[in-house]
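**Q** A predicted structure for the sequence below; I have some questions about it.
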Amino acid sequence: MKMKLLLFLCCVLRASADVRHEDVNVFGCSESDGEFTYTLEGEEVWYADFKLGKGVDAQPPFVDHITYPGGYEAAVGQMQICRSNLKNSRIGMKDIPLENDPPSSLTIYSRDDVELGEKNTLICHVSGFYPAPVQVHWTKNGEKVTAGTSINVPFPNKDGFFTQISRLEFVPQLGDVYSCTAEHLALTQPMTRIWDVEKTQPGVGPAVFCGLGLTVGLLGVAAGTFFLIKGNECS
């Protein structure tokens with residue numbers, strides 16, 4: 001399998017001893033791809049889509065959105081510099097073998113609270129792997145799904161490993177079961193996580209159980225009181 005060399009750089013935009021938030025700009029490139037993204041607390045909030053030729057707002061709808069004027073133009077300029085540096089890096093690193101590390105974490109969750117019949121987005125979060133990228137596949141009720149799926153360019157973590165996020169737009173209905181599968185060259189078999197619509201709904205089980213427990217408890221109290229009274233009468 002032919003390996004691709006990627007060059008990534010991270011820049012902390014705002015950080016100080018009395019500020020608890022971290023805003024990071026990550027950009028990188030390979031021979032054929034490029035990434036330019038802004039993250040807040042490790043979550044992607046904006047990225048440049050070089051195939052569509054524009055910047056993409058990745059923030060959920062319920063937050064105050066951060067804007068990046070001129071972000072896409074800056075990304076294009078950084079890609080030119082990155083590829084020039086990558087060319088020089090390839091010359092210096094051509095004899096260094098690459099290490100392969102499989103993903104250490106794969107999680108799947110919904111972007112918004114689940115409401116049946118309402119549009120939502122499933123997020124498949126893959127992290128802890130090297131080198132990039134991973135391949136992500138979605139299924140619905142055992143059938144492969146491609147419509148409404150997207151995946152970002154992998155970005156590096158502070159520990160030197162990579163994170164990649166795939167999204168699936170969907171409308172939750174009872175009975176539907178989704179899965180997210182990640183493939184990586186260091187994995188002997190794919191990693192898969194399951195997400196069940198029904199298991200995200202509040203069930204009647206806990207309420208019934210609590211109600212039954214309360215009833216049994218009250219009956220126990222009543223029975224104890226009865227025998228206590230009878231015992232006093234006999235004495």
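**A** Arrived safely, thanks for sending. Numbers count the residues shown, from 1 in each chain.

**Q** how close does His125 get to Ala75?
**A** As defined by Cβ to Cβ, to the nearest Å, His125 lies at a distance of 23 Å from Ala75. From N, CA and C alone the C-beta is placed, and that goes for glycine too.

**Q** Show me the helices in this structure, by range?
**A** 71-93, 205-234 (DSSP state H).

**Q** With respect to these, which exhibits the lowest mean confidence?
**A** Lowest mean pLDDT of those: helix 205-234, a mean of 40.

**Q** Give me the domain ranges for the protein.
**A** 7-93, 105-200 (automatic domain parsing).

**Q** worst average pLDDT in the ones you listed?
**A** For the domains of the chain, mean pLDDT drops lowest on domain 7-93, to a mean of 80.

**Q** Just give the nearest non-adjacent residue to the residue nearest in space to the middle of the chain, would you?
**A** What sits nearest the mean C-alpha location of the chain, by Cα atoms, centre = their mean, is His125, with 2.7 Å. Nearest residue to His125, sequence neighbours excluded (Cβ to Cβ, 6 or more residues apart in numbering): Thr107, at 4.8 Å.

**Q** pretty sure that neighbour contacts Ile194?
**A** No - counting by Cβ atoms under 8 Å, Thr107 stays clear of Ile194, with 11.5 Å between them.

**Q** Okay, buried residues for stretch 188-203 please.
**A** Met191, Arg193, Trp195, Val197 (16 or more other Cβ atoms under 10 Å).

**Q** Can I get those in JSON lines including distance to Val145?
**A** Output for those, formatted as JSON lines (distance: Cβ to Cβ, whole Å):
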{"residue": "Met191", "distance to Val145": "17"}
{"residue": "Arg193", "distance to Val145": "15"}
{"residue": "Trp195", "distance to Val145": "12"}
{"residue": "Val197", "distance to Val145": "14"}
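
**Q** I'd like to know which of those residues is nearest to Arg167.
**A** Arg167 lies nearest to Trp195 out of the buried residues of stretch 188-203, by Cβ to Cβ, at 12.8 Å.

**Q** Can you name the residues bridging to the closest one?
**A** Beta-bridge pairing for Trp195 (DSSP bridges): Tyr178.

**Q** Would you mind measuring from it to Ser32?
**A** Distance from Trp195 to Ser32, by Cβ to Cβ: 32 Å.

**Q** Can you give me the neighbour number for Gly77?
**A** The burial count assigned to Gly77 is 11, neighbours taken as other Cβ atoms under 10 Å.

**Q** before we move on, what about the one 10 residues further on?
**A** Burial of Lys87 is recorded as 12 neighbouring residues (other Cβ under 10 Å).
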